[in-house]
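S.K.: Mind looking at a prediction? Sequence and model below.
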Amino acid sequence: KLGLLSYLVANFDPAAERDIVFVPVGLNYDRVLEDRNLTAGIEREAGGKSKKVRGWGFLRYLGKAARLASSGRWYRNGYACVSFGTPVSLRDWTARQKVDFRKLPDDQRFASVGTLASDLMEAVAKVVPVLPVCLIATFFSQAPGEALSEIEIKARAGDLMDRLRTIGVHVHLPRGDMDYAVGAGLRMLTLRHLVLEEEGLYRANPDESVLIAYYANAIAHHVIKAV
């Protein structure tokens, strides 16, 4: 929203009494209901068959959810989590950058707004929480042809969680239990057939590589830093 951001800062006076403060908010979800719609274009570009969900597809989803709920097999849509970062003062930011938006010509103001936007997005990225589905999807996205046992998945998950915490990333553990968190993430992926289970081994469904990558990408920036 560079236009809105430019509008907010165009007449900002760093010496005035009132400041503008941006609060970084990181959101993450185990399931995004419109995920197939959001990835349909990428699926087509990759040569796959798009599974874009429209009206009838959504009604089928609701019907399936109702049937599972009536039989006690409905696990909702996993977990959602929000994290808040350190507020960013525009007064402090302009002081560090030695910028006064009011005095800049249009091209320089737009460039400075872009720099501010990048800094704000980086602040948001830092506080995106790690959830079970994204965590488990990471392993199947990195090695799509590999078959893993649940014990191997838990070992990899534990190691990655430790490395993520070391760099200050918030890892959400449902019930405060790592084994339960891994099991919840794996269950969500297998129920949606994104991951296939055969004789105790789990592997990525090759027909769902785009959607697996979609969830893994939610925390990819953390994983890169944790390596």
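M.R.: Structure's in. What do you need? Residues are numbered from 1 along each chain as shown.
S.K.: Now do the phi/psi pair for residue 28.
M.R.: Backbone torsions for residue 28, taken as degrees, to the nearest 10, come to phi -150, psi 150.
S.K.: pull the longest helix from this structure.
M.R.: What stands out as the longest helix in the chain, according to DSSP state H, is helix 106-126.
S.K.: Please name the nearest non-neighbouring residue to residue 114.
M.R.: Leaving out its chain neighbours, the residue that sits closest to residue 114 by Cβ to Cβ, 6 or more residues apart in numbering is residue 2, at 6.7 Å. Using the backbone N, CA and C atoms, a C-beta is placed for each residue, glycine as well.
S.K.: Looks like residue 125 contacts residue 221 (just checking).
M.R.: Yes. If you go by Cβ atoms under 8 Å, residue 125 and residue 221 touch, sitting 5.4 Å apart.
S.K.: Now do the SS call for residue 196.
M.R.: Three-state call for residue 196 (DSSP: H, G, I helix; E, B strand; the rest coil): strand.
S.K.: separation between residue 95 and residue 108?
M.R.: Per Cβ to Cβ, to the nearest Å, residue 95 is found 17 Å from residue 108.
S.K.: pLDDT value on the residue nearest to residue 114, please?
M.R.: Note on residue 2: pLDDT of 90.
S.K.: Show me where this structure dips below the pLDDT cut-off.
M.R.: In the prediction, the chain carries residues with pLDDT under 70 at positions 46-76.
S.K.: That one: strands as residue ranges?
M.R.: Counting by DSSP state E, the segments of the chain that form strands are 21-22, 25-29, 80-84, 88-89, 148-149, 195-198, 201-204.
S.K.: just those strands: most buried one?
M.R.: Across the strands of the chain, averaging neighbours per residue (mean count of other Cβ atoms under 10 Å) puts strand 201-204 on top, at a mean of 18.
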